[in-house]
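**Q** What follows is a predicted protein model with its sequence.
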Amino acid sequence: MKEKLIRFMQGRYGIDQLSKLLIVLGVVAVLVSAFVNWGVLGLIIYFLGWVLVIWGYFRVFSRNVSKRYAENEAFLAKTSGIRNFFQKQKYMWQQRKAYHIYKCPGCGQKIRIPKGKGRIEVRCPKCGTTFIKKS
């Protein structure tokens, strides 16, 4: 069975970030419309959800790899700001166990200070301002 699936998918585009988003948004829209009674609006959301799911699977099984790749690259370029914001937040959340992160009062540069060093004088590497913080 696995071999048949592998042979079927040869030459096809496969799943990427845009396809994942379309399928997930479609499934969420279908589930929301199924559990919430909104009348005509619920029906529209239901059909829109199925259109998104079908569009996502169309992209997955498409043989026009170059066009699907270009669509995904355009999607990634448009959403890079949002994705970078969440990556930075995730990185700061991971660093919180071992470091304090302070902003320089002079220029606003974020400075990472190791925890457990007591009160220390911090010098900003960007503008040279010194300030005292508890680590």
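**A** Nice, thanks for sending it over.
**Q** going forward, measure contacts and count neighbours with C-alpha atoms only.
**A** Fine.
**Q** now Ser66: how far from Met9?
**A** Applying C-alpha to C-alpha, to the nearest Å, the value for Ser66 to Met9 is 16 Å.
**Q** Compare those two (neighbour count), which wins?
**A** Met9 (15 against 10; other C-alpha atoms under 10 Å).
**Q** Quick check: closest non-adjacent residue to that one.
**A** Phe61 (7.3 Å; C-alpha to C-alpha, 6 or more residues apart in numbering).
**Q** Now the spatially most central residue of the chain: which helix or strand?
**A** Taking C-alpha atoms, centre = their mean, the centroid of the chain lies closest to Arg83, which sits 4.4 Å from it. Element membership for Arg83, per DSSP states H and E: helix 80-95.
**Q** Repeat that for Trp38.
**A** Element membership of Trp38, judged by DSSP H and E, is empty: it is in no helix or strand.
**Q** what about it, how many neighbours?
**A** Neighbour tally, Trp38, other C-alpha under 10 Å: 13.
**Q** What separation do you get for it and Ile45?
**A** 9 Å.
**Q** again with Thr129
**A** From Thr129 to Ile45 the distance is 55 Å (C-alpha to C-alpha).
**Q** The two: which has the busier surroundings?
**A** Ile45 (20 against 13).
**Q** shouldn't the more buried one be in contact with Ala29?
**A** Yes: the pair Ile45 / Ala29 is scored as a contact, 6.1 Å apart, by C-alpha atoms under 8 Å.
**Q** what's the lengthiest helix in the chain in contact with?
**A** The residue-count maximum for a helix in the chain (DSSP state H) belongs to helix 40-61. Helix 40-61 has contacts (C-alpha atoms under 8 Å, 6 or more residues apart in numbering) with 9, 12-16, 18-30, 33-34, 36, 68.
**Q** And stretch 104-115, by the same measure?
**A** Under C-alpha under 8 Å, 6+ apart, the answer for stretch 104-115 is 98-103, 124, 126-127, 129, 135.
**Q** Just send those residues back as TSV, with secondary structure and distance to Phe75 too.
**A** Formatted as TSV, those follow (DSSP: H, G, I helix; E, B strand; the rest coil; distance: C-alpha to C-alpha, whole Å):
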residue	secondary structure	distance to Phe75
Ala98	coil	35
Tyr99	strand	34
His100	strand	35
Ile101	strand	32
Tyr102	strand	34
Lys103	strand	33
Cys124	coil	37
Lys126	coil	34
Cys127	coil	37
Thr129	coil	41
Ser135	coil	41
